[in-house]
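S.K.: With the input below, show me the fold.
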Amino acid sequence: MDIVCSIDNNYVQHCCCMLVSFFENNKEEKHSIHLLSDALTLENRKMIKELVESYQGVFSYYSVDPDKLLSCPIKATDHLTIATYYRLLMVTLLPQELKKVLYLDCDIVVDGSLKEFWDTSLKGYALAAVDELNTSAKDVYERLEYDEKYGYFNAGVLLVDLEYWRSNNLTEVFFDYISSHYDKIRAHDQDVLNALLHDKCRHVSQKWNVEESFYHYYVIKEWRKRDEKEMKSVLLHPVILHYSWKPKPWEKSCRHPFRLKYFFYLSKVDAFSDCKLTFGEKLQAYCDEYYFKLVLRLGIRGHRFYKL
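M.R.: Numbering: from 1, shown residues only. Coordinates of the predicted model:
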């Protein structure tokens, strides 16, 4: 598989954790990691390269020109950095011989094989992604000017047809859209991708991108009405866990029911093996996970806080 991720120096720890989780659960073949960054230090680049090569993977680094992102709307108060827009440039940076890649955010844990997802057919589609299950902003369809029947996908996990992106000059299209719709963009590159590719996205199972918001009662309540069996399977056995909102698992106030997954894989990264939870934090995390699984399995429908 060809995996693409984009980071800055603030997310090196989390990138390493994500990569270890991917390699640990996808050992059946060799993989290539394509890292997009602007001014990643040589020390951090070396650390990630050595990690990838320790799993017999191939590491490639691509330097992003920050001047190409000057038109992108980003504020100091945003929880994201300009690095979130790097994925819009991937087709101009990656080798021409690459036909398909899997883009993964770094606040992710891969807890199973991705081969089934990787083998998903993209014929006629620009990408495959997971719908956000109505957790996006209420005005998103009006603001981005398309029919809500297409849904709104999360851009943290994208199976991308690079040939489609190249033949349709999508990089140019993306940045033309940013320039002409600057005031309408709220969720950064994710809004851009949805506005332009909502009808060229193949929606796949939620198990390939289980967002933090999926563990909230109001989402579970509606999901249960549609398919309770699938809902329980995805939430109890996620293949890709996406800690997509604050607090993140490395932040003290995090109460995600699967917070411990992050620290399990982080402990396998030598450079960060000392980053551990205290006994009290670990006990709380175990209780949160047990509590969530119990309440979901018992089907306590009226409970207001599936995620604490």
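S.K.: Relative to V160, how far out is the residue nearest to H203 when sequence neighbours are not counted?
M.R.: The shortest distance from H203 to any non-neighbouring residue, by Cβ to Cβ, 6 or more residues apart in numbering, is to D131 (5.3 Å). No exception for glycine: its C-beta is placed from N, CA and C like everyone else's. When distance is defined by Cβ to Cβ, to the nearest Å, D131 is 17 Å away from V160.
S.K.: Am I right that G151 is in contact with D199?
M.R.: No: using Cβ atoms under 8 Å, G151 is not in contact with D199; the gap is 10.4 Å.
S.K.: the more surrounded of D131 and V160?
M.R.: Between D131 and V160, V160 has the larger neighbour count (other Cβ atoms under 10 Å), namely 26 against 18.
S.K.: In terms of pLDDT, where does the more buried one sit?
M.R.: In this prediction, V160 carries a pLDDT score of 98.
S.K.: what bridges to D131?
M.R.: On DSSP bridges, the residues paired with D131 through beta bridges are F153.
S.K.: In terms of pLDDT, where does it sit?
M.R.: pLDDT, D131: 94.
S.K.: tally of neighbours for the residue nearest to Y11 when sequence neighbours are not counted?
M.R.: Spatial nearest neighbour of Y11, chain neighbours left out: C106 (4.9 Å); criterion: Cβ to Cβ, 6+ apart. C106 has 21 neighbouring residues, counting by other Cβ under 10 Å.
S.K.: any idea how far C106 is from D183?
M.R.: 29 Å.
S.K.: try R143
M.R.: The gap separating R143 from D183 is 10 Å, by Cβ to Cβ.
S.K.: Which one of these two is surrounded by more residues?
M.R.: R143 (17 against 8).
S.K.: shaky segments in the chain?
M.R.: Applying pLDDT under 70 to the chain flags the ranges 69-72, 74-80, 135-137, 300-308.
S.K.: Do a quick rundown of the helices in the stretch 1-150 of the chain.
M.R.: For the stretch 1-150 of the chain, helices defined by DSSP state H, counting those that start in this stretch occupy the ranges 12-24, 42-54, 90-93, 115-118, 140-144.
S.K.: So for P249, which of the ones you listed sits nearest?
M.R.: Distance to P249, taken as Cβ to Cβ, is lowest for helix 12-24 among the helices of the stretch 1-150 of the chain, at 9.1 Å.
S.K.: how about that closest one: buried residues?
M.R.: Neighbour-count burial for helix 12-24 flags V12, Q13, H14, C15, C16, C17, M18, L19, V20, S21, F22, F23 (criterion: 16 or more other Cβ atoms under 10 Å).
S.K.: do the same with stretch 30-41
M.R.: Going by 16+ other Cβ under 10 Å, stretch 30-41 has these buried residues: H31, S32, I33, H34, L35, L36, S37, D38, L40.
S.K.: Now for these: which two are most distant?
M.R.: H31 and D38 (23.8 Å).
S.K.: Are we agreed that G156 is in a strand?
M.R.: Yes: judged by DSSP: H, G, I helix; E, B strand; the rest coil, G156 forms part of a strand.
S.K.: what sits against it?
M.R.: Listed by Cβ atoms under 8 Å, 6 or more residues apart in numbering, the contact partners of G156 are L104, D105, D107, I108, N209, E211, H242, S244.
S.K.: shouldn't the fifth one be in contact with E132?
M.R.: No: proximity of N209 to E132 does not meet the contact threshold set by Cβ under 8 Å, at 9.1 Å.
S.K.: Compare neighbour counts for these two and give me the winner.
M.R.: N209 (28 against 24).
S.K.: Tell me how far the host helix or strand of K221 lies from the chain's centre.
M.R.: Per DSSP states H and E: K221 is located in helix 217-236. Put simply, helix 217-236 sits 20 Å off its chain's centre (Cα atoms, centre = their mean, to the nearest Å).
S.K.: Which residues outside whatever helix or strand comes next after it are in contact with it?
M.R.: The helix or strand immediately downstream of helix 217-236 is strand 240-242, counting by DSSP H and E. Identification of contacts with strand 240-242 by Cβ under 8 Å, 6+ apart yields 104-105, 107-112, 114, 154, 156-157, 207-212, 258, 261-262.
S.K.: could you redo the last one with a cut-off of 10 Å?
M.R.: 18, 21-22, 25, 104-105, 107-112, 114, 117, 130, 154, 156-157, 206-215, 249, 256-259, 261-262 (Cβ atoms under 10 Å, 6 or more residues apart in numbering).
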